[in-house]
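A.B. asks: 3D, please:
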Amino acid sequence: MTSQIKRGVSLYSYQHEYVHGTMDLEDCVAAAAKEGALGIETLGEQMIPGFPFPGQPDLPDSFYSWWQDLMAKYGTTPTVHDMFLDTKRYRGRLLNHSEMVDSLKRDIRHTAKLGAKGIRIIVNTPPEVVESAAPYARDHGVWMGVEVHSPYSFEDDWIKRHLEVAARVGSDVVGCVPDMGIFVHKLPRVVVDRALRDGADPELAHEIVDTYNSHGDTQALFDRLERQGVDGVTLGLARNGIHMIAQPVDCLRDHAEFIKHIHAKFYEMHQVEGFDYWHEYSIPYHEIVPVLDEIGYDGYLSSEYEGNRHIEDAEPVDSVTQVAAHQNMLKALIGKEN
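C.D. replies: From the prediction side, this is the model:
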């Protein structure tokens, strides 16, 4: 059968250009649309000027009218709003439960007004808050999905608690958003190269990479290097080796009913001999896409570029080219019949 998976882009991918003023919000949407990535994922706090603090007035209707015109202009569809929960907003205390629910309700209203269907729930959001907001989300036609992001996996109790909420209230309104960074099967070269440029010990860096890539005990290695008092840069690379994880791709099958959206994380697209599209160095998309097809996933693969921060000290960042290469890969993999 032909794949039903759709392609999109998280505008997070263009953060470098946005913050440096070389691309504005419309430029980001246009860049995604040019690659046929018609699903647009947004971050209110990052790229929507005037996005309100909870308790402040919502954005004016004029913004949403402009946004709808923008979507029509490029033939794009808003997919997901990435919410954040500022639990430390007040000095000396964390937000209480009702304050967190009110914050999430602001995000639900914003998502509905964008015309998007879902919210990426940041992982620090308590599952009880999601459950309390679920009726409000259902009334607004919005689903909520906790992001399964490294170092968390589907096996973590915190994620299981979120999925228990989904089972109670219904997967139509609560689910999950797996980030493909849980499938980093090789330590990203851009991360390693940046550490080496910053002064990491080359021999120890090699050991860190070998340990990670062979699925060795990265925690034991980190603990040993910490005891030895190695320099901070080398220890930071070892810390990456315990923050990043390499789950088996098949874990997606066990949670198919709850998967609402996919963060298609990538660090580095590179040319591979014998292929007419580039490959992601660290994450095995050639294994991931077939599994998503087999479980009947018909949502979006939303490109999320994170290599920018690791190369900006050494070369110009070109997020547009990297996203285009990632989209070409997804197009090739999705286009194949099963």
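
A.B. asks: Let me know the outermost residue of the chain.
C.D. replies: Ranked by distance from the centre of the chain (CA atoms, centre = their mean), the top residue is Gln228, with 34.5 Å.

A.B. asks: List the buried residues for stretch 35-43?
C.D. replies: Burial within stretch 35-43, assessed by neighbour count using 16 or more other CB atoms under 10 Å, is assigned to 35, 37-43. Where C-beta positions appear, they are placed from N, C-alpha and C, glycine not excepted.

A.B. asks: again with stretch 293-312
C.D. replies: Quick answer for stretch 293-312 (16+ other CB under 10 Å): 293, 297, 299-308, 310-311.

A.B. asks: isn't Leu25 right up against Ile48?
C.D. replies: Yes: between Leu25 and Ile48 a contact is recorded at 7.2 Å, counting by CB atoms under 8 Å.

A.B. asks: List the contacts of Leu187.
C.D. replies: Residues near Leu187 by CB atoms under 8 Å, 6 or more residues apart in numbering: 208-209, 212-213, 240-241, 244, 282.

A.B. asks: try Asp198
C.D. replies: Residues near Asp198 by CB under 8 Å, 6+ apart: Val233.

A.B. asks: Mind pulling up the pLDDT for the residue farthest from the centre of the chain?
C.D. replies: Gln228 is assigned 97 on the pLDDT scale.

A.B. asks: Please renumber the chain so that the first residue is 28 from this point on.
C.D. replies: Okay, residue one is now 28; in that scheme the one you just asked about reads as Gln255.

A.B. asks: Distance check, it against Arg147.
C.D. replies: Noted for Gln255: a distance of 39 Å to Arg147, by CB to CB, to the nearest Å.

A.B. asks: what do you get for Ser159?
C.D. replies: Ser159 is 18 Å from Arg147, where distance means CB to CB.

A.B. asks: ok, these two, which is more surrounded?
C.D. replies: Shown here are Ser159 and Arg147; by other CB atoms under 10 Å, Arg147 has more neighbours (29 against 17).

A.B. asks: OK, contacts around Val217?
C.D. replies: 294-295, 334, 337-338.

A.B. asks: where exactly do the strands run in the chain?
C.D. replies: Remark: strands assigned in the chain by DSSP state E are 33-37, 66-70, 104-109, 145-148, 170-175, 201-205, 289-293, 296-297, 306-307, 327-332.

A.B. asks: Which residue lies nearest the spatial centre of this protein?
C.D. replies: Closest-to-mean residue, the chain, CA atoms, centre = their mean: His290 / 4.1 Å.

A.B. asks: before we move on, the earlier item: adding distance to Leu97, write the strands of the chain out as TSV.
C.D. replies: Shown next, in TSV, are the strands of the chain (distance: least, CB to CB, whole Å):
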stretch	distance to Leu97
strand 33-37	14
strand 66-70	9
strand 104-109	10
strand 145-148	19
strand 170-175	23
strand 201-205	24
strand 289-293	23
strand 296-297	27
strand 306-307	29
strand 327-332	18
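
A.B. asks: can you redo those as TSV with mean pLDDT?
C.D. replies: Shown next, in TSV, are the strands of the chain (pLDDT from 0 to 100):
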stretch	mean pLDDT
strand 33-37	98
strand 66-70	98
strand 104-109	98
strand 145-148	98
strand 170-175	98
strand 201-205	98
strand 289-293	98
strand 296-297	96
strand 306-307	98
strand 327-332	98
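
A.B. asks: The nearest residue to Glu331 once chain neighbours are set aside: neighbouring residues, count only.
C.D. replies: Closest residue to Glu331 apart from its sequence neighbours, by CB to CB, 6 or more residues apart in numbering: Ser37 at 4.5 Å. Ser37: 29 surrounding residues under other CB under 10 Å.

A.B. asks: now Val150
C.D. replies: By other CB under 10 Å, neighbour count at Val150 equals 17.

A.B. asks: And it, how far from Asp166?
C.D. replies: With CB to CB as the criterion, Val150 and Asp166 are 25 Å apart.

A.B. asks: what's the closest non-adjacent residue to Pro105?
C.D. replies: The shortest distance from Pro105 to any non-neighbouring residue, by CB to CB, 6+ apart, is to Ala143 (3.9 Å).

A.B. asks: Just want to check the distance between that neighbour and Asp85.
C.D. replies: 15 Å.

A.B. asks: Which residue of those two possesses the greater neighbour count?
C.D. replies: It is Ala143, of Ala143 and Asp85, that has more neighbours when counted by other CB under 10 Å, with 21 against 13.

A.B. asks: Return the residues in contact with that one.
C.D. replies: Neighbouring residues of Ala143 by CB under 8 Å, 6+ apart: 69, 105-108, 169.

A.B. asks: Model confidence at Val157, what's the number?
C.D. replies: Listed pLDDT for Val157 reads 98.

A.B. asks: can you pull the contacts of it?
C.D. replies: Residues in contact with Val157 (CB under 8 Å, 6+ apart) are 131, 148, 171, 173, 189, 192, 201.

A.B. asks: Dump the residues you listed into JSON lines; add neighbour count as well.
C.D. replies: What follows is the contacts of Val157, written out as JSON lines (neighbours: other CB atoms under 10 Å):
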{"residue": "Leu131", "neighbour count": "24"}
{"residue": "Ile148", "neighbour count": "27"}
{"residue": "Met171", "neighbour count": "31"}
{"residue": "Val173", "neighbour count": "28"}
{"residue": "His189", "neighbour count": "26"}
{"residue": "Val192", "neighbour count": "22"}
{"residue": "Val201", "neighbour count": "28"}
